[in-house]
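> From the sequence below, what's the structure:
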Amino acid sequence: MLSFVIRRFISMIVTLWLIITLTFFLMHAVPGSPFEKDGKGLNEAVAANLNAYYNLDKPLIVQYGLYLKQLVQFDLGPSIANSSDTVNKMIARGFPVSFQLGIVSVLFAIVTGIALGVVAALRHNRLIDYIAMIIAVVGISIPSFVVASLLIKYLAVEWKLLPTATWGTWQHVIMPALALAFGPIAIIARLTRTNMLEVLTQEYIETARAKGLSPATIVIKHALRNAVLPVVTLLGALIANVLTGSFVIEKIFAIPGMGKYFVAGINNRDYSVIMGTTVFYSALLIFMMFVVDVLYGIIDPRIKFHGKESKG
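Alright, predicted model coming up:
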């Protein structure tokens, strides 16, 4: 276990460094300046002073080295668009909101998707199975921002059941969480259904039935545990999908989360904000992938950490 953690930690550091390096140089390769507004630049003297203040007048490799030095000190730098604010403070304000939205969406997607997949498998080739698969196909086909628009139109505008946008109460969480979870629910439901159908034909399930175990015990204790293993492997990608998709959803619902700062950073060519949010989310997702690997080994004791690592 210790050997696995050490190898994974080194791999996480290397992966994060590659992401930082690629993002840094690609961002600086884009033509233009963060001090240009609507195609118009500042006075040359003012622009020169600002470039010097933010170290943008130095060679690119020097800027890269200075940025890595800041990162080691957990300093993501000041915002170029708003010099009175820092990226660390933006993340401290926005991440709790994005995390709350993301965790609600992920939990709702997992619980609903698994439940829908199990019911569809147990009622194979019946009406509820067809309905579940129709929902799955629709969920995979429709983007989250379209779902968000439909939810706003009907739940907020037409039926006035929920507030249209902003953030504050539990009611404000429902529509954006549903919009984010709709696609993952469909994927999890299809995957769970497929695996449940396969597991229910295994010999140990037939043995459990022959022993007279109740259907609920067979499904929950024996079948479901093996059927959800592929869902666990999907969690890393699912979390990544929800977190990145939340940028658009947060913009639609005017949620004061990380998406607000990331989109503003792109519009303003705010190098510090773009890099800071990218580094933060990359580190978070890499860590979540590590957690998923550990969970996979815990759920399925047959998997050995050293064996899994050698295959990966």
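
> Relative to Met90, how far out is Glu203?
56 Å (CB to CB, to the nearest Å). Using the backbone N, CA and C atoms, a C-beta is placed for each residue, glycine as well.

> between the two, who's got more neighbours?
Neighbour totals were compared for Glu203 and Met90, and Met90 leads with 25 against 7 (other CB atoms under 10 Å).

> Settle this for me: the more buried one is touching Tyr261, isn't it.
Yes - between Met90 and Tyr261 there is a contact under CB atoms under 8 Å: 4.7 Å.

> what touches both of these two?
Listed contacts common to Met90 and Tyr261 are Val273, Thr277; contacts here mean CB atoms under 8 Å, 6 or more residues apart in numbering.

> List the buried residues for the longest helix seen in the chain?
The longest helix of the chain (DSSP state H) is helix 87-122. Buried residues in helix 87-122, counted by 16 or more other CB atoms under 10 Å: 87, 90-91, 94-95, 97-98, 101-102, 104-106, 108-110, 112-114, 116-122.

> Beyond that helix, next helix or strand please.
helix 127-141 (DSSP states H and E).

> I'd like the average pLDDT over that next one.
The average pLDDT for helix 127-141 rounds to 88.

> Also stretch 225-241?
Here the average pLDDT along stretch 225-241 is 77.

> sec struct for Ile152, please.
helix (DSSP: H, G, I helix; E, B strand; the rest coil).

> Chain neighbours aside, what residue packs nearest to it?
Thr164 (6.1 Å; CB to CB, 6 or more residues apart in numbering).

> Please apply the same query to Phe145.
Per CB to CB, 6+ apart, closest to Phe145 is Val248, 5.2 Å.

> who touches that neighbour in this structure?
So Val248 contacts Ser144, Phe145, Gly259 (CB under 8 Å, 6+ apart).

> cool, and Val157?
Val157 touches Thr164, counting by CB under 8 Å, 6+ apart.

> Show the model's pLDDT score for it.
92.

> try Thr244
For Thr244, the predicted pLDDT is 66.

> Please apply the same query to His306.
51.

> my guess is Leu285 contacts Ala237, does it?
No - in this structure Leu285 lies outside contact range of Ala237 using CB under 8 Å: 9.4 Å.

> Which one's more surrounded, these two?
Leu285 (19 against 15).

> how's the protein carved up into domains?
2-72, 95-256 (automatic domain parsing).

> Can you tell me the element the closest residue to Gly77 other than its chain neighbours falls in?
What sits nearest to Gly77 in space, not counting adjacent residues and going by CB to CB, 6+ apart, is Ser272, at 4.2 Å. Using DSSP H and E, Ser272 sits within helix 271-299.

> shouldn't Phe262 be in contact with Leu243?
No - assessed by CB under 8 Å, Phe262 is found out of contact with Leu243, at 10.7 Å.

> out of the two, which sits in the busier spot?
Legend: neighbour count by other CB under 10 Å for Phe262 and Leu243, higher for Phe262 (26 against 22).

> Could you measure from the closest residue to the more buried one other than its chain neighbours over to Met27?
Counting by CB to CB, 6+ apart, Phe262 lies nearest to Thr277, which is 4.6 Å off, once chain neighbours are set aside. Separation of Thr277 from Met27 (CB to CB): 12 Å.

> Which ones among the contacts of Val248 lie within helices?
Ser144, Phe145, Gly259.

> Make a markdown table out of the residues you listed and add neighbour count, distance to Met196 and pLDDT.
Converted to a markdown table, the ones in helices among the contacts of Val248 look like this (neighbours: other CB atoms under 10 Å; distance: CB to CB, whole Å; pLDDT from 0 to 100):
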| residue | neighbour count | distance to Met196 | pLDDT |
| --- | --- | --- | --- |
| Ser144 | 24 | 26 | 89 |
| Phe145 | 14 | 31 | 90 |
| Gly259 | 25 | 35 | 85 |
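
> roughly how far apart are the residue nearest to Phe262 and Gly183?
From Thr277 to Gly183 the distance is 22 Å (CB to CB).

> same question, Phe24
31 Å.

> Looking at the two, which one has more neighbours?
Ranked by neighbour count (other CB under 10 Å), Phe24 and Gly183 place Gly183 first, with 23 against 20.

> What pLDDT is listed against the more buried one?
For Gly183, the model assigns a pLDDT of 89.
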